[in-house]
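Next one to model:
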Amino acid sequence: MDYTKILSEKSQIIKPSGIRKFFDIAAGVPDIISLSVGEPDFDTPWAIRREAIRVLEEGKTTYTSNAGLMPLRKAVSSYFKRTIHTEYNPENEIVITVGGSEAIDITIRALVNPDDEVIVPEPCFVSYAPIVELTGGVAVSAATYAKDEFKLTPEILKPLITPKTKALILSYPSNPTGAVMRKHELTEIAEILRDTDIMVISDEIYSELTYGEPHISIAELPGMRKRTIVVNGFSKAFAMTGWRLGFTAAPEPISEQILKLHQYAIMCSPTVSQHAAVIALNDCEAEVREMAEEYDMRRRLVVKSLNEIGLECFTPEGAFYVFPSVRKTGLTSQDFCKRLIKEKKVAVVPGDAFGECGEGYIRISYAYSIKHLTTAINRIGEFLNEI
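As a prediction, the model looks like this:
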């Protein structure tokens, strides 16, 4: 049987995740030190786990409403009002999803028709362009550069807008670069979009992990709430990756369609996770702040260490990644990462996994212990000296 004739053309064209590729390679190497996965090394705060245990003991394991538990939607609404100073009605403007990943998927599918264009600033999270393409849309790469600290600028954005442009994806703080867009920079982007019908999908999964100034959402700028879908979740800031819980906030007409897609694809998010997440939003601000402070310390250490061993690295202002250049080695991103695994048993992710403009860079996650990080960086330094 020829399965190439049976499988959809789109599914066969889409490339596998470059992150998972190197994670799987590393998994087969004994004594590997991996800095490749963006997963907090902290335990989920005890108050959250305790609530999950209580819910299980009480047998609260049935379906919830499709949009999610009302106490959780109210907690999300309060969270947005507290953090990005924007109000969303928990009745009809918030949907609880299975992680930020599902939130991104159903948001794009709710907006995009065949041949619609979606502008995707790169380097970026690996899922955006494939989801756009699977939906029948066209992902338009907006290459960003180290000289701009990998931020989207008006000069980059304006030439890419066409009559077919349906949406712009903003993902700040950024995976993989750690870039953050501040209020004046977002204001420049908002000015370009304000008189158009272009929607913004603002992926703010790392919003709690900014260093210096607090996070700003484009949704809180004048006139932008009505044209923005905010995506967020619990995986990163609350160390809840395996709990699979995220959420969207959008104007009611858009949330109505997002909910419809969620109903058919998922039914509802994990019930126990939803109950526990109420505690996360209401009672765990101190724990989140402590984790962010630890990440900040690691960030400064890693940037300093990489620059000292000869890998030029700008200082990220958010998330838990650095994106150093490996161009001076003469190796491609792929070759650098493959040789580093083989010769020094250290796994990082090649920059081109996040878009073509990521070539010449590697992504290093510092969501690991200091001992883990320093050992890995010492090995990278040895590798640089040897080549």
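
need the contact list for the closest residue to Glu287 other than its chain neighbours.
Spatial nearest neighbour of Glu287, chain neighbours left out: Pro45 (4.2 Å); criterion: CB to CB, 6 or more residues apart in numbering. For glycine as for every other residue, the C-beta is placed from the backbone atoms N, C-alpha and C. For Pro45, the contact set (CB atoms under 8 Å, 6 or more residues apart in numbering) comprises 238-239, 280, 284, 287.

From Phe314, how far off is Pro45?
From Pro45 across to Phe314, the span is 31 Å (CB to CB, to the nearest Å).

mind listing the strands for the chain?
For the chain, the strands defined by DSSP state E occupy 33-34, 94-97, 117-122, 138-143, 165-170, 199-203, 228-233, 246-249, 321-322, 346-347, 349-350, 362-365.

In JSON lines: the ones you listed, plus mean pLDDT, mean neighbour count and distance to Lys328.
Shown next, in JSON lines, are the strands of the chain (pLDDT from 0 to 100; neighbours: other CB atoms under 10 Å; distance: least, CB to CB, whole Å):
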{"stretch": "strand 33-34", "mean pLDDT": "90", "mean neighbour count": "22", "distance to Lys328": "23"}
{"stretch": "strand 94-97", "mean pLDDT": "98", "mean neighbour count": "28", "distance to Lys328": "42"}
{"stretch": "strand 117-122", "mean pLDDT": "98", "mean neighbour count": "25", "distance to Lys328": "22"}
{"stretch": "strand 138-143", "mean pLDDT": "98", "mean neighbour count": "18", "distance to Lys328": "21"}
{"stretch": "strand 165-170", "mean pLDDT": "98", "mean neighbour count": "24", "distance to Lys328": "31"}
{"stretch": "strand 199-203", "mean pLDDT": "98", "mean neighbour count": "24", "distance to Lys328": "32"}
{"stretch": "strand 228-233", "mean pLDDT": "98", "mean neighbour count": "27", "distance to Lys328": "36"}
{"stretch": "strand 246-249", "mean pLDDT": "98", "mean neighbour count": "29", "distance to Lys328": "39"}
{"stretch": "strand 321-322", "mean pLDDT": "98", "mean neighbour count": "26", "distance to Lys328": "16"}
{"stretch": "strand 346-347", "mean pLDDT": "95", "mean neighbour count": "23", "distance to Lys328": "18"}
{"stretch": "strand 349-350", "mean pLDDT": "96", "mean neighbour count": "30", "distance to Lys328": "16"}
{"stretch": "strand 362-365", "mean pLDDT": "97", "mean neighbour count": "27", "distance to Lys328": "12"}
